[in-house]
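Trainee: My questions are about this predicted structure, shown below with the sequence.
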Amino acid sequence: MTYKQVLYFIGESLTLTRYPNRKIAILKKIQTGSVDWLAIVKEGSNQMVIPALYLNLKQAELLGDLPEGLACYLEEITELNRARNKALLLQVTDLTLLLGKHQITPLFLKGIAHLVDGLYQDVGERMIGDIDFLVAENQLEKIVGILRVAGYHNLLENEILEKPRHYSRLVHKDYIASVEIHWDVLEQHHKHNLTFETLYKTKRKVGDFYVPSYPHLALHNMLNAQVNDHSYRRGIILVRQLYDCFLLTFKPEVLSALKRYKYDYFLKKIYLNWLMKLFKPEHFKWSSNFFINSLMLRYLINTDPKINRIAYFIWRIYNYPRQLILAISNKNKRVAYLKALSKPGWFLKHLKSYQSKYKY
(Lines give C-alpha, C1' and ligand atoms only; values in the text may rest on other atoms or scores of the structure.)
Protein backbone atom coordinates (compact mmCIF):
# COMPACT_ATOMS: atom_id res chain seq x y z
CA MET A 1 0.00 0.00 0.00
CA THR A 2 1.16 3.52 -0.74
CA TYR A 3 1.16 6.06 2.05
CA LYS A 4 -1.93 7.67 0.54
CA GLN A 5 -3.76 4.32 0.53
CA VAL A 6 -2.77 3.68 4.15
CA LEU A 7 -4.01 7.11 5.18
CA TYR A 8 -7.31 6.75 3.35
CA PHE A 9 -7.92 3.24 4.72
CA ILE A 10 -7.41 4.54 8.28
CA GLY A 11 -9.71 7.46 7.56
CA GLU A 12 -12.45 5.26 6.13
CA SER A 13 -12.18 2.82 9.03
CA LEU A 14 -12.57 5.66 11.54
CA THR A 15 -16.01 6.42 10.08
CA LEU A 16 -17.47 2.93 10.64
CA THR A 17 -19.38 3.86 13.79
CA ARG A 18 -20.99 6.85 12.08
CA TYR A 19 -21.44 5.13 8.69
CA PRO A 20 -22.00 1.37 9.24
CA ASN A 21 -22.77 0.91 5.54
CA ARG A 22 -19.05 1.28 4.77
CA LYS A 23 -18.32 -2.08 6.39
CA ILE A 24 -18.82 -3.94 3.10
CA ALA A 25 -16.18 -1.94 1.21
CA ILE A 26 -13.66 -2.27 4.05
CA LEU A 27 -14.33 -5.98 4.47
CA LYS A 28 -13.71 -6.52 0.75
CA LYS A 29 -10.31 -4.82 1.00
CA ILE A 30 -9.41 -6.98 3.99
CA GLN A 31 -10.53 -10.25 2.38
CA THR A 32 -8.66 -9.58 -0.87
CA GLY A 33 -5.43 -9.20 1.12
CA SER A 34 -4.79 -5.68 -0.13
CA VAL A 35 -4.42 -4.23 3.37
CA ASP A 36 -0.85 -3.86 4.66
CA TRP A 37 -1.57 -4.19 8.37
CA LEU A 38 2.02 -3.46 9.38
CA ALA A 39 1.82 -0.11 7.58
CA ILE A 40 -1.65 0.55 9.04
CA VAL A 41 -0.49 -0.09 12.61
CA LYS A 42 2.70 1.94 12.13
CA GLU A 43 0.88 4.97 10.75
CA GLY A 44 -1.99 4.57 13.22
CA SER A 45 0.58 4.65 16.03
CA ASN A 46 2.34 7.71 14.58
CA GLN A 47 -1.02 9.45 14.29
CA MET A 48 -2.12 8.31 17.77
CA VAL A 49 -5.41 6.82 16.54
CA ILE A 50 -4.91 3.12 17.33
CA PRO A 51 -7.65 3.03 20.03
CA ALA A 52 -10.07 4.88 17.74
CA LEU A 53 -9.25 2.48 14.90
CA TYR A 54 -9.77 -0.56 17.14
CA LEU A 55 -13.10 0.67 18.53
CA ASN A 56 -14.50 1.43 15.07
CA LEU A 57 -13.46 -1.98 13.73
CA LYS A 58 -14.97 -3.60 16.82
CA GLN A 59 -18.23 -1.68 16.40
CA ALA A 60 -18.42 -2.96 12.79
CA GLU A 61 -17.67 -6.55 13.95
CA LEU A 62 -14.55 -6.75 11.78
CA LEU A 63 -12.05 -7.86 14.43
CA GLY A 64 -12.46 -11.48 13.41
CA ASP A 65 -11.20 -10.63 9.91
CA LEU A 66 -7.91 -9.19 11.16
CA PRO A 67 -4.64 -11.17 11.09
CA GLU A 68 -4.09 -13.50 14.03
CA GLY A 69 -3.07 -11.67 17.17
CA LEU A 70 -3.65 -8.17 15.79
CA ALA A 71 -7.04 -7.66 17.44
CA CYS A 72 -5.57 -8.61 20.83
CA TYR A 73 -2.69 -6.18 20.31
CA LEU A 74 -5.03 -3.31 19.40
CA GLU A 75 -7.31 -4.20 22.32
CA GLU A 76 -4.39 -4.10 24.76
CA ILE A 77 -3.37 -0.61 23.61
CA THR A 78 -6.99 0.55 23.92
CA GLU A 79 -7.29 -0.89 27.44
CA LEU A 80 -4.11 0.90 28.51
CA ASN A 81 -5.39 4.16 27.04
CA ARG A 82 -8.79 3.68 28.69
CA ALA A 83 -7.11 3.28 32.08
CA ARG A 84 -4.99 6.38 31.42
CA ASN A 85 -8.00 8.47 30.41
CA LYS A 86 -9.90 7.43 33.53
CA ALA A 87 -6.90 8.62 35.55
CA LEU A 88 -6.93 11.87 33.56
CA LEU A 89 -10.59 12.44 34.45
CA LEU A 90 -9.78 12.00 38.14
CA GLN A 91 -6.92 14.48 37.78
CA VAL A 92 -9.21 16.98 36.03
CA THR A 93 -11.74 16.60 38.84
CA ASP A 94 -9.07 17.28 41.46
CA LEU A 95 -7.79 20.31 39.53
CA THR A 96 -11.31 21.71 39.25
CA LEU A 97 -11.93 21.26 42.99
CA LEU A 98 -8.54 22.72 43.91
CA LEU A 99 -8.94 25.85 41.78
CA GLY A 100 -12.62 26.17 42.71
CA LYS A 101 -11.62 26.69 46.34
CA HIS A 102 -9.92 29.88 45.16
CA GLN A 103 -12.86 31.02 42.97
CA ILE A 104 -11.03 30.11 39.76
CA THR A 105 -12.88 28.40 36.91
CA PRO A 106 -10.58 26.62 34.44
CA LEU A 107 -11.84 26.27 30.87
CA PHE A 108 -10.61 22.92 29.58
CA LEU A 109 -9.37 22.72 26.00
CA LYS A 110 -8.64 20.30 23.14
CA GLY A 111 -8.60 16.54 23.81
CA ILE A 112 -9.42 16.73 27.51
CA ALA A 113 -12.39 19.03 26.76
CA HIS A 114 -13.68 16.53 24.19
CA LEU A 115 -13.26 13.72 26.70
CA VAL A 116 -15.19 15.36 29.55
CA ASP A 117 -17.83 16.44 27.01
CA GLY A 118 -18.48 12.85 25.91
CA LEU A 119 -17.52 13.38 22.27
CA TYR A 120 -16.16 9.83 21.92
CA GLN A 121 -17.99 6.51 21.87
CA ASP A 122 -15.64 5.14 24.55
CA VAL A 123 -13.55 6.80 27.25
CA GLY A 124 -10.50 5.03 25.80
CA GLU A 125 -10.93 6.24 22.21
CA ARG A 126 -8.83 9.44 22.32
CA MET A 127 -5.10 9.42 23.11
CA ILE A 128 -4.32 12.52 25.19
CA GLY A 129 -0.98 13.95 26.26
CA ASP A 130 -1.42 17.01 28.45
CA ILE A 131 -4.30 18.56 30.36
CA ASP A 132 -4.83 21.99 28.82
CA PHE A 133 -6.95 24.68 30.39
CA LEU A 134 -7.50 28.39 29.79
CA VAL A 135 -7.55 31.20 32.38
CA ALA A 136 -7.24 34.98 32.35
CA GLU A 137 -3.62 36.09 32.03
CA ASN A 138 -3.85 38.15 35.23
CA GLN A 139 -4.70 34.95 37.15
CA LEU A 140 -1.65 33.04 35.95
CA GLU A 141 0.73 33.85 38.78
CA LYS A 142 -1.90 33.01 41.40
CA ILE A 143 -2.76 29.68 39.75
CA VAL A 144 0.87 28.62 39.38
CA GLY A 145 1.35 29.37 43.07
CA ILE A 146 -1.70 27.29 44.02
CA LEU A 147 -0.50 24.33 41.95
CA ARG A 148 3.03 24.54 43.34
CA VAL A 149 1.71 24.46 46.91
CA ALA A 150 -0.35 21.41 45.90
CA GLY A 151 2.83 19.60 44.75
CA TYR A 152 3.13 20.47 41.06
CA HIS A 153 6.52 21.47 39.64
CA ASN A 154 8.03 22.24 36.23
CA LEU A 155 8.52 19.22 33.99
CA LEU A 156 11.61 20.74 32.36
CA GLU A 157 13.91 23.19 34.05
CA ASN A 158 14.36 26.36 31.98
CA GLU A 159 11.91 25.16 29.33
CA ILE A 160 11.97 27.58 26.38
CA LEU A 161 8.59 28.19 24.79
CA GLU A 162 8.95 29.40 21.20
CA LYS A 163 5.83 31.55 21.16
CA PRO A 164 4.44 31.62 24.70
CA ARG A 165 0.70 31.17 25.01
CA HIS A 166 0.85 28.84 28.01
CA TYR A 167 2.98 28.39 31.10
CA SER A 168 5.73 25.75 31.14
CA ARG A 169 4.32 22.29 31.73
CA LEU A 170 3.71 21.32 35.35
CA VAL A 171 3.75 17.75 36.66
CA HIS A 172 2.85 16.04 39.95
CA LYS A 173 4.23 12.78 41.28
CA ASP A 174 0.73 11.49 42.08
CA TYR A 175 -0.86 12.30 38.73
CA ILE A 176 -0.38 10.89 35.26
CA ALA A 177 -0.44 13.96 33.00
CA SER A 178 1.38 17.26 32.75
CA VAL A 179 -0.68 20.45 32.97
CA GLU A 180 -0.53 23.39 30.57
CA ILE A 181 -2.06 26.65 31.80
CA HIS A 182 -3.06 28.77 28.80
CA TRP A 183 -3.83 32.47 28.66
CA ASP A 184 -3.97 32.39 24.84
CA VAL A 185 -4.90 29.51 22.55
CA LEU A 186 -3.18 30.62 19.35
CA GLU A 187 0.19 32.00 18.32
CA GLN A 188 0.75 35.74 18.37
CA HIS A 189 -0.29 36.60 14.80
CA HIS A 190 -3.52 34.60 15.01
CA LYS A 191 -4.62 34.99 18.63
CA HIS A 192 -7.06 37.80 17.81
CA ASN A 193 -9.14 35.25 15.86
CA LEU A 194 -9.95 33.25 19.00
CA THR A 195 -9.44 35.24 22.18
CA PHE A 196 -9.81 34.40 25.85
CA GLU A 197 -12.82 36.72 26.11
CA THR A 198 -14.58 35.06 23.17
CA LEU A 199 -14.05 31.53 24.48
CA TYR A 200 -14.93 32.34 28.07
CA LYS A 201 -18.10 34.27 27.19
CA THR A 202 -19.65 31.27 25.41
CA LYS A 203 -18.34 28.47 27.66
CA ARG A 204 -20.58 25.50 28.53
CA LYS A 205 -20.85 23.58 31.79
CA VAL A 206 -20.60 19.80 31.41
CA GLY A 207 -21.07 18.12 34.77
CA ASP A 208 -18.57 19.83 37.07
CA PHE A 209 -16.40 21.12 34.22
CA TYR A 210 -16.39 24.04 31.82
CA VAL A 211 -15.52 23.63 28.13
CA PRO A 212 -15.80 25.93 25.06
CA SER A 213 -18.91 26.01 22.91
CA TYR A 214 -19.02 23.44 20.09
CA PRO A 215 -18.24 26.03 17.38
CA HIS A 216 -15.23 27.24 19.36
CA LEU A 217 -14.03 23.68 20.01
CA ALA A 218 -14.06 23.11 16.25
CA LEU A 219 -12.37 26.42 15.39
CA HIS A 220 -9.70 25.84 18.02
CA ASN A 221 -9.17 22.30 16.73
CA MET A 222 -8.61 23.57 13.18
CA LEU A 223 -6.43 26.58 14.07
CA ASN A 224 -4.41 24.71 16.69
CA ALA A 225 -3.52 22.03 14.12
CA GLN A 226 -2.82 24.42 11.25
CA VAL A 227 -1.11 27.22 13.20
CA ASN A 228 0.26 25.99 16.53
CA ASP A 229 1.22 22.52 15.30
CA HIS A 230 2.47 23.93 11.96
CA SER A 231 0.36 21.55 9.87
CA TYR A 232 -0.19 24.23 7.21
CA ARG A 233 3.37 25.57 7.17
CA ARG A 234 5.10 22.19 7.12
CA GLY A 235 2.52 20.20 5.17
CA ILE A 236 1.67 17.70 7.91
CA ILE A 237 -1.48 15.56 7.97
CA LEU A 238 -2.73 15.23 11.57
CA VAL A 239 -5.33 12.46 11.53
CA ARG A 240 -6.15 12.56 15.26
CA GLN A 241 -7.05 16.25 15.11
CA LEU A 242 -8.96 15.83 11.85
CA TYR A 243 -10.92 12.94 13.41
CA ASP A 244 -11.88 15.19 16.34
CA CYS A 245 -13.10 17.81 13.87
CA PHE A 246 -15.04 15.17 11.93
CA LEU A 247 -16.88 14.15 15.12
CA LEU A 248 -17.58 17.78 15.99
CA THR A 249 -19.17 18.44 12.60
CA PHE A 250 -22.13 16.28 13.65
CA LYS A 251 -23.11 19.21 15.88
CA PRO A 252 -25.25 21.44 13.57
CA GLU A 253 -23.88 24.71 14.99
CA VAL A 254 -20.32 23.64 14.12
CA LEU A 255 -20.89 23.48 10.37
CA SER A 256 -22.47 26.92 10.26
CA ALA A 257 -19.63 28.36 12.39
CA LEU A 258 -16.98 26.91 10.07
CA LYS A 259 -18.75 28.33 7.05
CA ARG A 260 -18.98 31.76 8.68
CA TYR A 261 -15.32 31.87 9.70
CA LYS A 262 -13.78 34.40 7.30
CA TYR A 263 -10.16 34.53 8.48
CA ASP A 264 -7.26 32.27 7.47
CA TYR A 265 -8.95 31.28 4.21
CA PHE A 266 -6.31 28.83 2.92
CA LEU A 267 -5.76 27.27 6.35
CA LYS A 268 -9.47 26.56 6.64
CA LYS A 269 -9.93 25.37 3.07
CA ILE A 270 -7.02 22.91 3.17
CA TYR A 271 -7.89 21.54 6.62
CA LEU A 272 -11.54 20.92 5.77
CA ASN A 273 -10.68 19.47 2.38
CA TRP A 274 -8.37 16.97 4.07
CA LEU A 275 -11.28 16.13 6.35
CA MET A 276 -13.39 15.51 3.24
CA LYS A 277 -10.76 13.31 1.61
CA LEU A 278 -10.02 11.20 4.70
CA PHE A 279 -13.54 10.67 6.04
CA LYS A 280 -15.82 11.42 3.06
CA PRO A 281 -18.62 12.77 5.30
CA GLU A 282 -22.14 12.13 4.10
CA HIS A 283 -23.78 14.83 6.24
CA PHE A 284 -22.08 17.80 4.55
CA LYS A 285 -19.96 18.78 1.56
CA TRP A 286 -17.12 21.26 1.26
CA SER A 287 -16.16 22.79 -2.06
CA SER A 288 -12.64 22.67 -3.44
CA ASN A 289 -10.80 23.87 -6.53
CA PHE A 290 -7.67 23.14 -8.52
CA PHE A 291 -5.53 25.61 -6.55
CA ILE A 292 -6.51 24.14 -3.15
CA ASN A 293 -5.91 20.60 -4.43
CA SER A 294 -2.47 21.66 -5.68
CA LEU A 295 -1.58 23.04 -2.25
CA MET A 296 -2.70 19.77 -0.66
CA LEU A 297 -0.25 17.77 -2.78
CA ARG A 298 2.71 18.89 -0.67
CA TYR A 299 1.17 17.17 2.37
CA LEU A 300 1.54 13.81 0.60
CA ILE A 301 4.97 14.68 -0.84
CA ASN A 302 6.27 15.54 2.65
CA THR A 303 5.48 12.02 3.87
CA ASP A 304 8.38 10.63 1.83
CA PRO A 305 11.02 9.80 4.51
CA LYS A 306 13.92 11.43 2.65
CA ILE A 307 12.00 14.61 1.87
CA ASN A 308 10.70 14.71 5.44
CA ARG A 309 14.23 14.49 6.88
CA ILE A 310 15.46 17.29 4.61
CA ALA A 311 12.44 19.46 5.44
CA TYR A 312 12.98 18.85 9.15
CA PHE A 313 16.66 19.81 8.92
CA ILE A 314 15.83 23.03 7.03
CA TRP A 315 13.16 23.82 9.61
CA ARG A 316 15.66 23.49 12.48
CA ILE A 317 18.37 25.57 10.77
CA TYR A 318 15.82 28.27 9.89
CA ASN A 319 14.84 28.56 13.55
CA TYR A 320 18.29 29.52 14.90
CA PRO A 321 18.50 33.09 13.53
CA ARG A 322 14.76 33.46 14.07
CA GLN A 323 15.04 32.58 17.76
CA LEU A 324 18.06 34.87 18.16
CA ILE A 325 16.06 37.82 16.82
CA LEU A 326 13.15 36.96 19.13
CA ALA A 327 15.51 36.71 22.13
CA ILE A 328 16.88 40.21 21.48
CA SER A 329 13.41 41.72 21.89
CA ASN A 330 12.06 39.35 24.57
CA LYS A 331 13.74 39.44 28.00
CA ASN A 332 12.11 36.25 29.32
CA LYS A 333 13.21 34.30 26.26
CA ARG A 334 16.71 35.79 26.48
CA VAL A 335 17.09 34.77 30.15
CA ALA A 336 15.76 31.27 29.42
CA TYR A 337 18.24 30.79 26.57
CA LEU A 338 21.20 31.96 28.65
CA LYS A 339 20.26 29.55 31.46
CA ALA A 340 19.90 26.67 29.00
CA LEU A 341 23.20 27.44 27.24
CA SER A 342 25.09 27.56 30.54
CA LYS A 343 23.75 24.18 31.61
CA PRO A 344 26.34 21.32 31.31
CA GLY A 345 25.58 18.88 28.54
CA TRP A 346 22.97 21.10 26.88
CA PHE A 347 24.79 21.25 23.51
CA LEU A 348 25.17 17.47 23.32
CA LYS A 349 21.53 16.96 24.24
CA HIS A 350 20.50 19.48 21.60
CA LEU A 351 22.53 17.74 18.89
CA LYS A 352 21.01 14.39 19.85
CA SER A 353 17.55 15.87 19.35
CA TYR A 354 18.21 15.75 15.59
CA GLN A 355 18.11 11.96 15.81
CA SER A 356 14.48 11.99 16.91
CA LYS A 357 12.96 13.96 14.07
CA TYR A 358 9.22 14.45 13.81
CA LYS A 359 7.38 11.42 12.43
CA TYR A 360 3.81 11.49 11.17
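Mentor: That came through, no problem. Quick caveat, the model's predicted, so the values are computed rather than measured.

Trainee: how about the helices in the stretch 151-300 of the chain?
Mentor: Remark: helices assigned in the stretch 151-300 of the chain by DSSP state H, counting those that start in this stretch are 196-201, 214-223, 231-234, 239-248, 252-260, 265-279, 290-301.

Trainee: Just send those back as a markdown table, with distance to residue 344, mean pLDDT and mean neighbour count too.
Mentor: Every residue, glycine included, has its C-beta placed from N, CA and C. Shown next, in a markdown table, are the helices of the stretch 151-300 of the chain (distance: least, Cβ to Cβ, whole Å; pLDDT from 0 to 100; neighbours: other Cβ atoms under 10 Å):
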| stretch | distance to residue 344 | mean pLDDT | mean neighbour count |
| --- | --- | --- | --- |
| helix 196-201 | 39 | 94 | 14 |
| helix 214-223 | 39 | 96 | 24 |
| helix 231-234 | 32 | 73 | 17 |
| helix 239-248 | 37 | 97 | 23 |
| helix 252-260 | 50 | 91 | 15 |
| helix 265-279 | 42 | 89 | 19 |
| helix 290-301 | 40 | 66 | 13 |
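
Trainee: Export those helices as a markdown table, with columns for distance to residue 169.
Mentor: Shown next, in a markdown table, are these (distance: least, Cβ to Cβ, whole Å):
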| stretch | distance to residue 169 |
| --- | --- |
| helix 196-201 | 20 |
| helix 214-223 | 19 |
| helix 231-234 | 21 |
| helix 239-248 | 19 |
| helix 252-260 | 29 |
| helix 265-279 | 26 |
| helix 290-301 | 29 |
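
Trainee: between these, which one is nearest to residue 46?
Mentor: The closest of the helices of the stretch 151-300 of the chain to residue 46 is helix 239-248. By Cβ to Cβ, the value is 8.9 Å.

Trainee: Remind me what that closest one packs against, helices and strands.
Mentor: Packing partners of helix 239-248 (3 or more Cβ pairs under 8 Å, 6 or more residues apart in numbering; DSSP states H and E): helix 3-13, helix 110-117, helix 214-223, helix 265-279.

Trainee: Double-check residue 51 against residue 84; I have them as touching.
Mentor: No: Residue 51 lies out of contact with residue 84 (Cβ atoms under 8 Å); the separation is 10.1 Å.

Trainee: which of those two has more neighbours?
Mentor: residue 51 (25 against 16; other Cβ atoms under 10 Å).

Trainee: tell me how far the one helix or strand that one maps to is from the chain's mean position?
Mentor: Per DSSP states H and E: residue 51 is located in helix 50-59. Centroid separation for helix 50-59 versus its chain: 18 Å, with Cα atoms, centre = their mean, to the nearest Å.

Trainee: Next SSE downstream of that helix?
Mentor: By DSSP H and E, the next helix or strand past helix 50-59 is helix 70-100.

Trainee: Please identify the buried residues of that following helix?
Mentor: 70-71, 74, 77-78, 81-82, 84-85, 88-89, 91-92, 95-96, 98-99 (16 or more other Cβ atoms under 10 Å).

Trainee: ok, now which ones touch residue 95?
Mentor: 106, 131, 133, 179 (Cβ atoms under 8 Å, 6 or more residues apart in numbering).

Trainee: Go through these and flag which are in helices.
Mentor: Among the contacts of residue 95, no residue falls in helices (DSSP state H).

Trainee: quick check, nearest of those to residue 9?
Mentor: For the contacts of residue 95, the nearest to residue 9 is residue 131 (31.9 Å; Cβ to Cβ).

Trainee: does that closest one really touch residue 91, like I thought?
Mentor: Yes: counting by Cβ under 8 Å, residue 131 does reach residue 91; the two are 6.4 Å apart.

Trainee: shared neighbours of these two, anything?
Mentor: Both residue 131 and residue 91 are contacted by residue 177, under the criterion Cβ under 8 Å, 6+ apart.

Trainee: Can you give me the distance of residue 271 to residue 216?
Mentor: Per Cβ to Cβ, to the nearest Å, residue 271 is found 16 Å from residue 216.

Trainee: now swap in residue 256 and tell me
Mentor: Counting by Cβ to Cβ - residue 256 and residue 216 are separated by 13 Å.

Trainee: Next: residue 350.
Mentor: Look at residue 350 and residue 216: by Cβ to Cβ, they are 37 Å apart.

Trainee: repeat for residue 75
Mentor: 34 Å.

Trainee: can you pull the contacts of residue 216?
Mentor: Residue 216 touches 194, 198-199, 202, 257, counting by Cβ under 8 Å, 6+ apart.

Trainee: Count the neighbours of residue 144 for me.
Mentor: 16.

Trainee: hang on, isn't it packed against residue 181?
Mentor: Yes: using Cβ under 8 Å, residue 144 is in contact with residue 181, at 6.9 Å.

Trainee: hey, what's in contact with both of these two?
Mentor: 167, 170.

Trainee: Name the nearest residue to residue 109, sequence neighbours excluded.
Mentor: Nearest-residue entry for residue 109: residue 132, 4.2 Å, with adjacent residues in sequence omitted and distances by Cβ to Cβ, 6 or more residues apart in numbering.
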